[in-house]
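Peer 1: Prediction below, plus the sequence it came from.
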Amino acid sequence: MINNFRLNLRNRNSILFVFTIILFGCQRIEKTAENEEYPGKKLEISPKEIQRILNTKANLESVEVSDNLKFSIPENYYFETSTIKKEDIEGADIKYGKLDLTTKDSYDVVQIVNALFNENKISEENIIVVKDENPNLVTIDDLKEQYKIDAIYFEDKNSIVFSEGKTFTTLHFQYDFKIKSYLIYSGSISWTKEFPNADKLNLAFYFLRNAKNLLSDNLTKQEFTWKDYLDNSPQIEINLMKFYFKDFKKEMDVFLEVNETSSPVYDGISLLTLCRIPSNGDTLFYQFLNNIETGNYEEANNFKWANGLIFRQVRYKIIPKGNSTVLEINQLNYEGEVFDKQFVVLTIMNHNKKTFLLKKAKIMNEKIADFYVKMFNYYVENLTLDVVNKK
């Protein structure tokens with residue numbers, strides 16, 4: 001069975017080569033209109049807040065990103081690995097201090113992606129893995145030379161967090177003596193993303209947390225509540241989730257008629273859907289689940305909310321999760337073996353004598369599904385994603 005969180009893409013050399021040149025080998029130039037808001041002074045972030053972010057909880061998962069190399073990444077992340085060969089970079093000039101990549105037969109580029117927002121592409125996080133016997137070829141000053149830095153917010157001998165205009169970047173490197181390789185990490189949120197600079201800076205320190213955890217062996221799992229998710233997630237992610245929900249109460253109170261849907265869009269991406277269903281929606285929903293469980297897919301497909309959920313050559317599994325239901329969709333090959341898997345979260349909601357269904361489809365694994373289950377269940381109970389202190 002293929003685990004979607006371990007994608008190993010070896011045929012994107014030319015794309016990753018160009019990307020590597022842009023990301024690490026060139027100075028970044030930003031064009032801004034004369035009247036565009038431009039940070040005139042350094043933002044403020046306290047050492048206490050930096051430490052709080054670095055200490056936030058993240059359930060880490062050990063993943064083998066290339067031969068004999070494992071990274072510890074948050075369980076809501078997946079990765080893609082590409083190998084850059086010497087012939088792919090012929091004539092290029094890619095150096096980090098005294099580490100010259102053009103002299104290597106090959107090196108790996110590992111992209112780690114937050115699966116919660118992989119469609120939104122909020123930011124980019126990448127690690128270059130380069131074998132070399134000498135552990136003293138690179139310094140943080142060598143990495144800094146690749147950028148035009150406006151303000152530095154954190155720096156130690158292996159890491160730096162800084163801004164270039166409205167782009168915020170985290171760089172980190174370390175030498176893995178076990179495999180005799182340099183790990184050069186870059187996390188960045190671009191000036192093209194319209195988020196407050198303070199929130200971008202907040203995210204940059206979550207990049208630093210990820211970078212410093214790459215070789216961590218602390219893989220203790222913790223069960224997260226929705227409050228835990230809020231307390232341990234970047235502000236940009238929290239605000240983006242709240243954006244998708246912000247008009248739902250108005251839609252439920254005023255606008256949505258039976259069988260109508262609302263799918264808020266941010267930056268061209270619709271993340272989830274609110275459906276108004278008939279007043280006997282609870283009964284219809286369990287009828288829908290029963291049709292799936294008994295293999296009556298044609299009948300199940302007649303329900304409005306089933307759009308895009310019913311396929312041929314699949315096997316379904318229904319997983320109850322409190323007020324929510326997780327639908328596991330296993331895609332089968334001609335031999336009847338599972339070759340791909342995705343999840344859907346469905347949550348029934350009654351409000352003002354009306355019935356609604358929250359739906360999130362195309363979820364990559366059960367851990368991400370759990371995030372949506374916690375979020376949907378919390379919203380159904382409180383009509384907000386903010387933490388509510390109940391007496």
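Peer 2: Yep, it's here. Numbers count the residues shown, from 1 in each chain.

Peer 1: and residue 95, backbone torsions?
Peer 2: When read as degrees, to the nearest 10, the backbone of residue 95 gives phi -130, psi 150.

Peer 1: my read: it touches residue 101, true?
Peer 2: Yes: contact criterion CB atoms under 8 Å: residue 95 and residue 101 qualify, at 7.0 Å. Bear in mind the C-beta positions are built from the backbone N, C-alpha and C, glycine included.

Peer 1: neighbour-wise, which of these two wins?
Peer 2: Each of residue 95 and residue 101 has its neighbours counted (other CB atoms under 10 Å); residue 101 has more, 23 against 18.

Peer 1: Run through the residues that contact the more buried one.
Peer 2: Neighbouring residues of residue 101 by CB atoms under 8 Å, 6 or more residues apart in numbering: 84, 89, 94-95, 107, 128, 130.

Peer 1: wait, which of these is closest to residue 283?
Peer 2: The closest of the contacts of residue 101 to residue 283 turns out to be residue 128 (CB to CB; 55.6 Å).

Peer 1: Look up which helix or strand that closest one falls in, please.
Peer 2: Using DSSP states H and E, residue 128 maps to strand 124-131.

Peer 1: On the C-terminal side of that strand, identify the next helix or strand.
Peer 2: As assigned by DSSP H and E, the chain's next helix or strand after strand 124-131 is helix 140-144.

Peer 1: Backbone dihedrals for residue 199, please?
Peer 2: Residue 199 has phi and psi values of phi -70, psi -30 when expressed as degrees, to the nearest 10.

Peer 1: for residue 88, same thing?
Peer 2: Dihedral angles (degrees, to the nearest 10) for residue 88: phi -70, psi -20.

Peer 1: Validate this expectation: residue 257 resides in a helix.
Peer 2: No: assessed by DSSP: H, G, I helix; E, B strand; the rest coil, residue 257 does not belong to a helix; its assignment is coil.

Peer 1: for it, what are its contacts?
Peer 2: The contact partners of residue 257, taken as CB under 8 Å, 6+ apart, are residue 276.

Peer 1: same thing but 10 Å
Peer 2: 276, 354 (CB atoms under 10 Å, 6 or more residues apart in numbering).

Peer 1: how close does it sit to residue 304?
Peer 2: From residue 257 across to residue 304, the span is 12 Å (CB to CB, to the nearest Å).

Peer 1: Quickly list what's touching both of the two.
Peer 2: residue 276.

Peer 1: So this protein: which segments form each domain?
Peer 2: 6-212, 246-382 (automatic domain parsing).

Peer 1: Kindly check the end-to-end length of the last one for me.
Peer 2: Right, domain 246-382. Distance between the two ends of domain 246-382: 13 Å, counting by CA to CA, to the nearest Å.

Peer 1: circling back: just the buried ones from the contacts of residue 101?
Peer 2: The neighbour count (16 or more other CB atoms under 10 Å) marks 84, 89, 94-95, 107, 128, 130 as buried among those.

Peer 1: need these in JSON lines with distance to residue 321 and pLDDT, can you?
Peer 2: Below are the buried ones among the contacts of residue 101 laid out as JSON lines (distance: CB to CB, whole Å; pLDDT from 0 to 100):
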{"residue": "84", "distance to residue 321": "42", "pLDDT": "94"}
{"residue": "89", "distance to residue 321": "48", "pLDDT": "84"}
{"residue": "94", "distance to residue 321": "47", "pLDDT": "87"}
{"residue": "95", "distance to residue 321": "51", "pLDDT": "89"}
{"residue": "107", "distance to residue 321": "42", "pLDDT": "95"}
{"residue": "128", "distance to residue 321": "39", "pLDDT": "97"}
{"residue": "130", "distance to residue 321": "43", "pLDDT": "97"}
